[in-house]
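Peer 1: kindly return the folded structure for what I paste below:
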Amino acid sequence: MRIGIEVGGTFTDLIEIRDGVARVAKVPSTPDAPDRGAVNAIDAAQIDLKDVTDLVHGSTVATNAVLERKGGRVCVFVTRGTRDLFALQRHDRRAIYDLNYAKPEPIVSRQDICEIDERIAADGSVVEALELERLNAQVAAFLGDGRFDAVAICFLHSYTNPDHELKVADAVRRHAPDMPVTCSCEVSREFREYERASTTALAAFVQPAIEGYLDRFSKTLKARGFNGRFSIMQSNGGRMPAAAMSKNAISALFSGPAAGVVGAVGLAGRSGFSDIITLDMGGTSTDVSLVIDGAPDLAPQTEIDGLPVRTPVIDIVTVGAGGGSIAWLDDGGLLRVGPQSAGADPGPASYLRGGTEATVTDAHLVRGTLQAGSFLGGQMKVDASVAKTALEPLCELLEISPAELADSVIRIAESNIVRAIQQVSTERGRDPRDFALVPFGGAGPLHAARVAEELGIGTVVVPTNAGVLSAAGLLMSDYVHYRARTERTRLDANAVQTVLDQLYALRQEATDYLRSAGVSEALSFHHILEMRYVGQAFEVSVALGDDLEGLTGDMIADAFSQAHHRVFEFSKPPGDPVEIVSFRIGARAMANEFPIYQDGDADRANQASDPVFIDIVEGGEPLRCRLMARGAIADAEMAGPLLIEDGTSTIYVPPFWQARRDEADSLILRREG
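Peer 2: Residues are numbered from 1 along each chain as shown. Here you go, the predicted structure:
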């Protein structure tokens with residue numbers, strides 16, 4: 001038996017696959033103790049952990065630790081003269097017209113930063129050597145009162161020469177053997193001092209939270225008889241053994257959204273779709289990503305709460321448009337939706353847990369596109385009358401009916417999703433009409449067809465068990481580890497050998513790391529160069545593929561020219577000086593073959609019912625809509641309007657759309673004409 005458990009902001013999802021048959025469970029998340037929600041999902045699925053051979057887990061623990069500032073207190077050792085790096089940040093303004101704009105709040109305070117007398121030059125040479133006696137005295141003085149939970153070390157230019165960082169780490173471990181220590185040379189061996197320092201500090205900040213969480217969860221699993229393989233999902237779309245993850249927590253920052261993309265790629269591929277846009281709409285937010293030829297775009301850097309994180313992540317754009325997103329009026333009296341969310345606690349008003357503000361979920365119940373009696377397959381009680389009551393204050397202010405307001409709330413949420421998809425498609429030189437839209441999460445399939453219609457997308461693919469697809473994606477993931485190093489290299493006749501030397505060295509480092517983490521499977525490698533024209537301030541990622549045999553300078557230059565044109569809409573003539581800034585490799589080991597499975601909830605999957613019609617609101621007008629179970633959809637196309645219930649989600653098929661079920665058990669929605 002294999003199980004995947006994904007802890008989201010509102011619900012915790014579980015999928016169990018045994019002998020090619022899948023069963024699912026979906027329970028409310030427990031934000032104050034996420035591991036309790038994971039255990040609740042195991043109990044809801046009635047799983048005996050003694051039978052489980054593979055458990056893959058994704059959670060929001062690292063994300064919440066940063067957003068809620070509930071990580072450990074971090075002591076940061078920096079080069080003398082750079083103490084204010086975290087406060088200075090970059091000199092840009094995210095909101096240029098905001099008179100009250102303030103830079104993101106640093107994760108560490110100035111009083112917790114210790115300057116060390118040392119200096120490494122940009123070429124790696126030692127300008128000022130460490131004096132070990134003085135260093136030991138500084139470490140003892142700063143850590144002596146035991147007020148810190150973790151240590152981060154980030155020295156100037158240590159990406160070229162990590163010797164000083166490693167010596168300080170040794171001194172810290174001698175003084176405080178149990179103190180978690182994070183060095184920038186081990187987390188992000190790339191240039192740009194602020195981004196590297198931010199990544200290192202964030203890694204140290206979340207380390208105690210992740211280690212504590214994994215320790216509690218591991219003990220619970222062991223006490224219940226679990227002796228299988230325990231892995232954690234990373235932001236890059238790959239898993240790592242839990243023991244290794246406890247020492248590299250920053251890579252798990254966006255594990256849930258990444259798992260969803262992996263699951264969408266896997267199941268959409270079985271239906272013959274490799275160019276897709278994923279739409280993951282849960283209770284708190286919506287995540288969208290673009291996938292070409294079955295490979296998600298990978299970004300070398302992301303942000304959380306405005307703070308940069310220099311680690312490879314699946315390129316995902318997030319907007320505050322989830323089922324729990326709150327409807328409100330701005331100062332101009334205009335209706336807005338999100339980004340504020342009711343979350344899991346108290347949740348939407350209709351959840352009957354103390355929430356009073358109107359949310360997208362409440363709007364669906366009033367509009368009729370969610371049926372109270374079948375919410376989460378009938379396992380969770382919600383009240384449509386309470387949802388209507390929550391909308392009434394806004395109805396009075398806008399002087400419209402609850403049904404009209406509900407429809408407007410949903411349309412605004414969909415507009416937010418459309419803009420997010422435009423960010424990953426049209427704004428990056430890709431036409432969304434060339435892709436199929438793959439929705440999942442509890443709310444994604446409800447909105448997908450109308451979002452697709454707005455973008456001109458003609459095909460929507462709804463995988464089986466779409467509401468828990470992120471949990472399925474956990475089981476589809478392979479072991480993945482990335483290594484990077486900055487080494488500025490001019491692209492000339494001698495550059496190819498340097499490229500090969502750097503990439504093969506990184507391959508060996510990644511191999512050694514994975515083997516030390518207990519990953520024994522065969523490895524494959526993907527090679528990436530970060531490149532730019534000489535004089536540019538920013539670089540683009542250039543993929544070289546898996547095979548370096550026969551690599552030439554012209555091949556590298558041509559790949560760079562194409563990548564640059566795709567991002568910036570132009571390329572300079574051949575011969576203009578180009579440089580490689582950083583080298584990056586991805587090492588991948590297949591965890592195990594993901595089985596083609598059947599839905600084990602036969603009562604839901606195969607249910608056929610007599611025709612049932614309900615009234616919903618579409619565009620402010622009443623619309624007669626047929627309500628069906630997912631299992632009643634055959635391979636012949638059925639015309640909308642349809643409302644299809646799938647236990648973990650609801651699929652809305654608007655007028656002028658048709659739905660059918662394919663051989664891979666996905667629902668294929670197409671717009672007529």
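Peer 1: per-residue confidence at Ser609?
Peer 2: Predicted confidence (pLDDT) at Ser609: the value is 53.
Peer 1: go on, the one 5 residues further on?
Peer 2: In this prediction, Ile614 carries a pLDDT score of 87.
Peer 1: quick one: it from Thr650, how far?
Peer 2: 12 Å (CB to CB, to the nearest Å). For glycine as for every other residue, the C-beta is placed from the backbone atoms N, C-alpha and C.
Peer 1: cool, Gly373 as well?
Peer 2: Taken as CB to CB, the spacing of Gly373 relative to Thr650 amounts to 12 Å.
Peer 1: so the two - more neighbours on which side?
Peer 2: Shown here are Gly373 and Thr650; by other CB atoms under 10 Å, Thr650 has more neighbours (23 against 9).
Peer 1: who does that one bridge with?
Peer 2: When bridges are assigned using DSSP bridges, the partners listed for Thr650 are Glu645.
Peer 1: ok, it touching Thr369?
Peer 2: Yes: because the distance of 6.9 Å satisfies CB atoms under 8 Å, Thr650 is recorded as touching Thr369.
Peer 1: overlap in contacts of those two?
Peer 2: Leu446, Leu643 (CB atoms under 8 Å, 6 or more residues apart in numbering).
Peer 1: what about the helices in the stretch 251-400 of the chain?
Peer 2: For the stretch 251-400 of the chain, helices defined by DSSP state H, counting those that start in this stretch occupy the ranges 255-270, 360-367, 384-398.
Peer 1: and those helices, which is most packed in?
Peer 2: The highest average neighbour count among these, using mean count of other CB atoms under 10 Å, belongs to helix 360-367 at a mean of 29.
Peer 1: on that earlier part again, redo the helices of the stretch 251-400 of the chain as JSON lines? Include distance to Asp43.
Peer 2: Below are the helices of the stretch 251-400 of the chain laid out as JSON lines (distance: least, CB to CB, whole Å):
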{"stretch": "helix 255-270", "distance to Asp43": "21"}
{"stretch": "helix 360-367", "distance to Asp43": "25"}
{"stretch": "helix 384-398", "distance to Asp43": "28"}
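Peer 1: same list, these, but as JSON lines with mean pLDDT and distance to Thr464 please.
Peer 2: What follows is these, written out as JSON lines (pLDDT from 0 to 100; distance: least, CB to CB, whole Å):
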{"stretch": "helix 255-270", "mean pLDDT": "92", "distance to Thr464": "7"}
{"stretch": "helix 360-367", "mean pLDDT": "93", "distance to Thr464": "22"}
{"stretch": "helix 384-398", "mean pLDDT": "94", "distance to Thr464": "28"}
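Peer 1: per-domain residue ranges of the protein.
Peer 2: Segmentation of the chain into domains, based on automatic domain parsing, reads 2-67+210-252, 74-205, 255-322+417-474, 325-412, 479-589, 598-671.
Peer 1: can you give me the offset of the first one from its chain's centre?
Peer 2: It refers to domain 2-67+210-252. 16 Å (CA atoms, centre = their mean, to the nearest Å).
Peer 1: can you check the shortest one too?
Peer 2: Taking the mean C-alpha point of domain 598-671 and that of its whole chain, the gap between them comes to 29 Å (CA atoms, centre = their mean).
Peer 1: so what's the residue count around Gly647?
Peer 2: Look at Gly647: counted by other CB under 10 Å, it has 25 neighbours.
Peer 1: ok, now Lys167?
Peer 2: Going by other CB under 10 Å, the residues that sit close to Lys167 add up to 16.
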